[in-house]
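In: need a structure here:
(chains A and B)
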Amino acid sequence: MAEKPQRSFLKRAAVATVAGGVALSMTLADGAMAQDGGKHTLIVGTSGLSNIPHLNPLDSGWLLQGEINNLMYTPMIRWSQDDFSPAPGIAQEWESSEDGLTWTYTLNPDATWSDGEPITAEDAKFTYDTIRDTPLLNSRHGDLVNNFTEVRAEDDHTLVIEIEEPSAMMNHLKGVSIMIMPEHVWGELDDAGEYAGEAGQPTSGAFQLSEYREGERIVLTANKDYWEGPVSYDEFVLQDYQTPEAMVQALQAGEVDLIGGLNPQQFEALEARDDITTSTGPGRRMQSIGFNAGAQTRDGEEFGDGHPALKDPVVRRAIAHAIDKERIVEVAAGGYAVPGVSYVPPIFGDMSWEPGEDELIPADAEIGNQLLDEAGYDERDSAGIRIDPESGRPLEFRLFYHSDRPSYAIIQDFLVDWVAELDIRLNAVAMDTTPLNEEQEAGNFDLAFGTWSAGPEPGETLAYHTCARLPETAEPTDLTFSFYCDEEYDELYEAQAGEGDLEARSEIIREMQRVLYEDTPAIQLYYENQLEAYNSERWGGFETQPAAEGMIREQQGSFGYRSATPVELLDENGGQAAGSGSDSGSATPWIIGGLVLVAVAGGGFVLMQRRKTADDRE
Amino acid sequence: MGIQPTAQVPALPDGGAGTSGGDDVHLPRQQRAGSRRDFWRFLGVKFSGAMISLVLVLFTAFFIFRVIGGDPVKAIGGDSAMTPEQRAEIEERLGLNEPMSVQFWEYIRSVLTLDWGTSYVNNQQVTDLLLGRLPNTLLLTGTALVLAATVGIWVGARAGWQQGSRFEKSQVGISLALWSAPTFWLGMIVIIVFSVQLDLFPVNGMRSTRGVGDGFWPQFLDVAHHLVLPALTMAAVIYAQYVLIMRSSILEERGNDYLTVAKAKGLRDDVVRRRHAVPNALLPTVTLIALQFGAIFNGALLTETIFSWPGLGLLFYEAIRVPDIPLLQLLFIFFAGTTIIANMLADILYRFLDPRVRSSA
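Out: Got it, this is the predicted structure:
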């Protein structure tokens, strides 16, 4: 009989726990809303935060790291919001001497660190000297600073750099890749290469670091006295998510405000919601098919097992004729992409090349067949496959694609069919990324899918096609694309690297792309659009880069984040009111959820009660 | 192998701790001294067995992550263009250009000195990374295990007692269905229903994205709020083991005379079950708990990944993408080591709990 009180205690405890859980949920959510009311925090959802090794702005190789650097620091020279051309940052203007060997940069006299100290030419000199003398930093930026013979501060706002060889890079000083560091703080560091980001450090940008939880979250606090004008909110949070799905759910649940990197299905699902606004614009990431154009060392020693016929540009070009890029954009990217041409995407304005009518490789298998016939590939084996007259082997190639990329699986199907029209056989092979990379780097492939994200400095990407990037010995390498090597191209590369005049340089850069297009070491399938979405009940005013129909996230700058404005302020300023701005809509699911739980708990209670009486009857 | 990332694989007692044993439970007096000697021999055997496994694990840890391939230099260089100088610098810094034999001796040295080295990615001591994430994992897996064990035992005992009832059939069905559900799938469904649709719990992570203030209680409640879904998901997947084991051992007890006697005394059915049948039927379940104790440390790779719960499972998942070899080595040895030790302790514990094992050892 002593059992009874204990049992009903258990039951009461169970009901109390359920009720408590519901109450807890509600209180916490209310708390979060109230908290948010006082202070404006822009929360950006991202993936890949765990990739980031540290927050040293001088040793930054990840796009995401670059985004954070751009929020905290102002570069000497930025990439413009319109077309990624060099634009003033800390340096207001710059000019070179006649011979292109002396460059003078005039710094903005209003520029200050967040602790109030002025940003001077001494800081800039200190930074470049530090990069030159720190092995880790030098390995990343040696291409710029190892060409400096002297860096001197003429006065507080005038920096003069003498260089050994004329260099196109002096026009942008590597843009947002190198930030100027405060000498009065960094001068104290023993090893600048080991700086990993520290909360409260003075910065030259719109924010400073206040919390860094590795792989989880980065919190930045707005500099209220930022010399270029503060942002209209208080805090910026970058929150990591393991999967894109989780990020989408978090946006729907109101836990984050802005996300990017969506796939077309997610994008379209979010488009249908009233509280969320989607944004899309051409991006920098391209998808391509690379050929093994003949793996070899710098001395010409061949290695790997690539098909010899692919050394012939005619075969590669013929295959390019078989591919309908417009169709691929439709089927593999849901229409959210731009058909590809060369390694510099069209968003980079003047640096990007478009083929003229006589240069275009149209999607037409007829022309491909004609090219092959004319070049002597006119014999066929018993299966009807063309034969390479030199090696006697049929034109049968392996096409490697990454098994974890659904879009590649779709594209390869089309490619196999299209290329078959040339009487060339493609054998598609799905592989994990790691072994695929290993085979490709060792030259053990014929065709392989690949992806690349180009930066606004085209030289960095175009260098991957120079003969200097071939390996010294027959070892695997990821420093070359397609093992391509061409003398004419190399000469152009040298010429652009030393060209200080922007216009003259862009002309050479375009010519290099033309050579690549014609030689076809790779086929650029398409440039992906950036697919983004944000909570428009809370935020608006996002500006893009390029300014017209560009991207908000993954910019080479911080225009998107800096222009973000809480909806309340947008309304006050007479800006476009986005959404209702109230959270009343979200109360309904709360009530339903609460009712369901209470009903379940109550039902359980009644059942237990009934069983108990049944037991007692026994 | 020691790793049980999701702890959903049933950890069954190994051969040494089987329930079969001698029939005679009561040892004659003169055998007591001998049994003490037996006990020490038993301990020695179990301990040396564990040590041998551990040494094998140490060797495996070196090779396995070098065999799976992958290029840490790419992960460290970032997703932008890389120059030859940069690649050379990173290889040099990580010691990747050393021959395998040199790397192996470096590894042996690090094992012997317990200096596990620094992460490839962020230069931090890998032991610090492990210790930093361990409490989060213990919180999640510990909560899930306690939930699974209490609910599982309770449901299992009732199901076994009421053999053939609707309750038994439905509970066994439900627990088996949940056991067969892939964790990542169940996790996503749970998130969509309870976070996105009903808006009752956060989507993932361990703390609110918008912050809750600095006080202890707001922080505590915030973490508790985030803990609900991952802990429930994990518990839902593993509690079937407890249900089934408890149910079958109650079934074994049901026909015994002492229960008939208890009923004859006039005790209520419930009391007979709780006071007499359950304590006797608990033995196999206790072993299961002891064995799963090792799994607590192993984290829950899938649950942690789905819910972005910053524990050891997620750390392992992130490290393997690089691959961050020093970190992987330490985690692998830690996971395997805790499992081996937990198994050894379970064996020993079992000897104390069940006299039949003592006599047969």
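
In: give me the residue from chain B nearest chain A.
Out: B:G78 (2.1 Å; C-beta to the nearest C-beta). From N, CA and C alone the C-beta is placed, and that goes for glycine too.

In: For that residue, give me its contacts.
Out: A:N51, A:S60, A:G61, A:W62, A:L63, A:Q65 (C-beta atoms under 8 Å, 6 or more residues apart in numbering or on different chains).

In: pLDDT score for A:G603?
Out: We have a pLDDT of 50 for A:G603.

In: Apologies, that question was intended for A:V598.
Out: pLDDT, A:V598: 49.

In: near chain B, which of the contacts of B:G78 show up?
Out: A:N51, A:S60, A:G61, A:W62, A:L63, A:Q65 (C-beta under 8 Å from any C-beta of the partner chain).

In: Phi, psi for the fifth one please.
Out: Taking degrees, to the nearest 10, you get phi -50, psi -40 for the backbone angles of A:L63.

In: returning to what we had before: just the contacts of B:G78: which are in helices?
Out: Cross-referencing those against helices under DSSP state H gives A:L63, A:Q65.

In: Neighbour count and pLDDT for the contacts of B:G78 - can I get that in a markdown table?
Out: Below are those laid out as a markdown table (neighbours: other C-beta atoms under 10 Å in any protein chain shown; pLDDT from 0 to 100):
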| residue | neighbour count | pLDDT |
| --- | --- | --- |
| A:N51 | 21 | 84 |
| A:S60 | 24 | 89 |
| A:G61 | 22 | 86 |
| A:W62 | 19 | 89 |
| A:L63 | 20 | 89 |
| A:Q65 | 24 | 92 |
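
In: which of the contacts of B:G78 lies closest to chain B?
Out: Among the contacts of B:G78, and counting by C-beta to the nearest C-beta, the member closest to chain B is A:G61, at 2.1 Å.

In: pretty sure that closest one is in contact with B:K74, am I right?
Out: No: counting by C-beta atoms under 8 Å, A:G61 stays clear of B:K74, with 9.7 Å between them.

In: Find the residues that touch each one of these two.
Out: With C-beta under 8 Å, 6+ apart as the test, A:G61 and B:K74 both reach B:M82.

In: from the ones next to chain B among the contacts of B:G78, which two are the most distant?
Out: A:N51 and A:S60 (11.7 Å; C-beta to C-beta).

In: Where does pLDDT dip in chain B?
Out: Along chain B, the model assigns pLDDT under 70 to residues B:1-34, B:298-299, B:355-361.

In: ok, the most centrally placed residue in it to B:I340 distance?
Out: The C-alpha lying nearest the average C-alpha coordinate of chain B belongs to B:A295 (C-alpha atoms, centre = their mean; 1.2 Å). Computed as C-beta to C-beta, to the nearest Å, the B:A295 to B:I340 distance reads 12 Å.

In: got it, and A:D82?
Out: Where B:I340 is concerned, A:D82 sits at a distance of 62 Å (C-beta to C-beta).

In: excluding its backbone neighbours, what's nearest the closest residue to chain B within the stretch 401-550 of chain A?
Out: Closest residue of the stretch 401-550 of chain A to chain B, C-beta to the nearest C-beta: A:E460 (3.8 Å). Spatial nearest neighbour of A:E460, excluding adjacent residues (C-beta to C-beta, 6 or more residues apart in numbering or on different chains): B:A81 at 3.8 Å.

In: which secondary structure element contains that neighbour?
Out: Per DSSP states H and E: B:A81 is located in neither a helix nor a strand.

In: ok, it - contacts?
Out: By C-beta under 8 Å, 6+ apart, the neighbours of B:A81 are A:G455, A:E460, A:T461, A:A463, A:Y464.

In: The first one reaches A:Y343, doesn't it?
Out: In other words, A:G455. No: under the criterion of C-beta under 8 Å, A:G455 makes no contact with A:Y343, lying 11.0 Å away.

In: any common contacting residues for those two?
Out: A:T461.

In: If we ignore the residues flanking it in sequence, what's nearest A:A522?
Out: A:G290 (4.4 Å).

In: residues touching that neighbour, list them.
Out: So A:G290 contacts A:Q440, A:L447, A:A448, A:F449, A:G450, A:F481, A:S482, A:P521, A:A522 (C-beta under 8 Å, 6+ apart).

In: Helix or strand: which one has it?
Out: strand A:276-291.

In: more neighbours, A:D82 and B:I340?
Out: B:I340 (20 against 13; other C-beta atoms under 10 Å in any protein chain shown).

In: Of the contacts of B:A81, which is the most crowded?
Out: That'd be A:G455 among those, by other C-beta under 10 Å, with 22 neighbours.

In: For the closest residue to B:T60 other than its chain neighbours, the count of nearby residues, please.
Out: Ranked by C-beta to C-beta, 6+ apart and with sequence neighbours excluded, the top spatial neighbour of B:T60 is B:F332, at 7.6 Å. Using other C-beta under 10 Å, B:F332 is surrounded by 22 other residues.

In: Repeat that for B:I320.
Out: 17.

In: nearest residue to it other than its sequence neighbours?
Out: Per C-beta to C-beta, 6+ apart, closest to B:I320 is B:L328, 6.3 Å.

In: part of a strand, is A:Y401?
Out: Yes: the assignment for A:Y401 is a strand, going by DSSP: H, G, I helix; E, B strand; the rest coil.

In: which stretch of helix or strand covers residue 342?
Out: Reading this off chain A. Going by DSSP H and E, A:S342 is not in any helix or strand.

In: To clarify, I was referring to chain B.
Out: Going by DSSP H and E, B:A342 is in helix B:325-353.

In: list the contacts for B:L315?
Out: B:L129, B:L130, B:R133, B:G299, B:L327, B:L331.

In: Now do A:L422 against A:N369, distance only.
Out: From A:L422 to A:N369 the distance is 6 Å (C-beta to C-beta).

In: and the two? which has more neighbours close in?
Out: A:L422 (23 against 20).

In: Hmm, that one is touching A:I323, no?
Out: No: counting by C-beta under 8 Å, A:I323 is not a contact partner of A:L422; they are 10.6 Å apart.

In: Dihedrals phi and psi, A:N535?
Out: The phi/psi pair for A:N535 (degrees, to the nearest 10) is phi -80, psi 100.

In: Looking at the residue lying closest to it once chain neighbours are set aside now. What's its pLDDT?
Out: Once flanking residues are discounted, A:N535 sits nearest to A:D257: 4.7 Å by C-beta to C-beta, 6+ apart. Here, the pLDDT recorded for A:D257 equals 96.

In: I figured A:D257 hits A:W539, correct?
Out: Yes: counting by C-beta under 8 Å, A:D257 touches A:W539, with 5.3 Å between them.

In: residues bridging contact with the two, i.e. touching both?
Out: A:L42.

In: More neighbours: these two, which one.
Out: A:D257 (26 against 23).

In: residues touching that one, list them.
Out: A:L42, A:I43, A:V44, A:L251, A:Y534, A:N535, A:R538, A:W539.

In: same question, B:A235
Out: Counting by C-beta under 8 Å, 6+ apart, B:A235 has contacts B:T143, B:A144, B:L145, B:L147, B:A148, B:V151.

In: Right, I'll leave it there.
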